[in-house]
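S.K.: below are the sequence and a predicted model; questions follow.
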Amino acid sequence: MGLDLESISEATSGAIGSLVSTTILYPLDTCKTRFQAEVRAHGQQRYRKLSDVLWEAISTRQVLSLYQGLGTKNLQSFISQFVYFYGYSYFKRLYIQKSGAKSIGTKANLVIAAAAGACTAIATQPLDTASSRMQTTAFGKSKGLWGTLTEGTWSDAFDGLGISLLLTSNPAIQYTVFDQLKQRMLKGKQTIGDKGSSAEALSAFSAFVLGAVAKSIATVITYPAIRCKVMIQAADPDNDGTKKPKQKSNKTVPGIIYAIWKSEGLFGFFKGLEAQIMKTVLSSALLLMIKEKISATTWVLILAIRRSLLLTRGRLKNA
């Protein structure tokens, strides 16, 4: 089928949007992750609310530590969004070509989104695990990416992969809802360009609202799995930067579920839900808003680069 330029355009726009939104919201992401990773022990809690994490950073003069792991998170976010958007766009176009359908139904959209999410989870799991460990390490004690990845065995870098694969349903739900709402909003409008979809664009406000609604729905449905994943990937409690043996029983899905149930009960599976919604909704809404606004420009740039390369190749052949 050759190089799919439209898929590359979608992937690039999504990756850039992810990079910007991740950087802007990273301190909130760190607070959220540390809050989610804590399990109440004997009635005691270090963080009773999300703001306690921020206050700890301020009181210990470690505000900059709220950015520990930002480089790793940005790398993971850029790669994951590029892989996801490329896979999602490519699989969607492939489905239309093979089926001859003019549009994609909800069921097919879910399958395509889940397939793209699975590819993304496998490709970026070590970076995702490293990022969570760096965020939950004691303030000022975080190691670099290589130091974090080499603390344990290679298999430790893939902690939480099973849940990550399960959570492919999250972006699958999110982008399916977003696409369906977008199609309804753009229905009846004439598109410009040979490819059609590359010229479709929502206003910034519309993209923000639709992104927020779509992510809220996906987050509420999948949150218990999200919290379990964070706890599996988190650094050991009271990590002071030295190597400590892992308690593998507490790093398994059954172990985490038992720990939450025993210490916090049923509602413990939803601890931090408000923080998760606030962070992910803002992040996803910003991502989709930025992607929608730069997608047309990205498409034009890619076509210009392609034309330049073809002209250069032609000149070399004629030389």
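M.R.: Cool, got the structure.
S.K.: in the stretch 201-319 of the chain, where is pLDDT below threshold?
M.R.: Scanning the stretch 201-319 of the chain for pLDDT under 70 picks out the ranges 201, 237-250, 319.
S.K.: which residues in it form helices?
M.R.: For the stretch 201-319 of the chain, applying DSSP state H, counting those that start in this stretch gives helices covering 204-233, 253-264, 273-318.
S.K.: ok, the stretch 1-150 of the chain next?
M.R.: Under DSSP H, counting those that start in this stretch, the stretch 1-150 of the chain gives helices at 5-37, 50-59, 70-99, 106-136, 145-149.
S.K.: okay, the angle between the longest one and helix 50-59?
M.R.: Okay, so that is helix 5-37. 80 degrees (axes from the mean of the first three to the mean of the last three CA atoms, to 10 degrees).
S.K.: could you do the third one as well?
M.R.: Computed by the same axes, to 10 degrees, the angle separating helix 70-99 from helix 50-59 equals 140 degrees.
S.K.: mean pLDDT, distance to Ser155 and mean neighbour count added to the helices of the stretch 1-150 of the chain, as a markdown table?
M.R.: C-beta: built from backbone N, CA, C; applies to glycine. A markdown table is the format used below for the helices of the stretch 1-150 of the chain (pLDDT from 0 to 100; distance: least, CB to CB, whole Å; neighbours: other CB atoms under 10 Å):
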| stretch | mean pLDDT | distance to Ser155 | mean neighbour count |
| --- | --- | --- | --- |
| helix 5-37 | 82 | 20 | 22 |
| helix 50-59 | 89 | 30 | 16 |
| helix 70-99 | 85 | 18 | 20 |
| helix 106-136 | 86 | 10 | 21 |
| helix 145-149 | 80 | 12 | 16 |
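S.K.: thinking again about what came up before, ok, which of the helices of the stretch 201-319 of the chain comes nearest Gln97?
M.R.: Across these, Gln97 has its closest neighbour in helix 273-318 (19.2 Å, CB to CB).
S.K.: output the contacting helices and strands for that closest one.
M.R.: When contacts are defined as 3 or more CB pairs under 8 Å, 6 or more residues apart in numbering; DSSP states H and E, helix 273-318 packs onto helix 5-37, helix 204-233.
S.K.: returning to that earlier point: just tell me which of the helices of the stretch 1-150 of the chain ends up closest to Leu166.
M.R.: Nearest to Leu166, of all the helices of the stretch 1-150 of the chain, is helix 106-136, at 9.3 Å by CB to CB.
S.K.: mind giving me the packing neighbours of that closest one?
M.R.: Applying 3+ CB pairs under 8 Å, 6+ apart, we find helix 106-136 packed against helix 5-37, helix 70-99, helix 145-149, helix 161-166, helix 169-186, helix 204-233.
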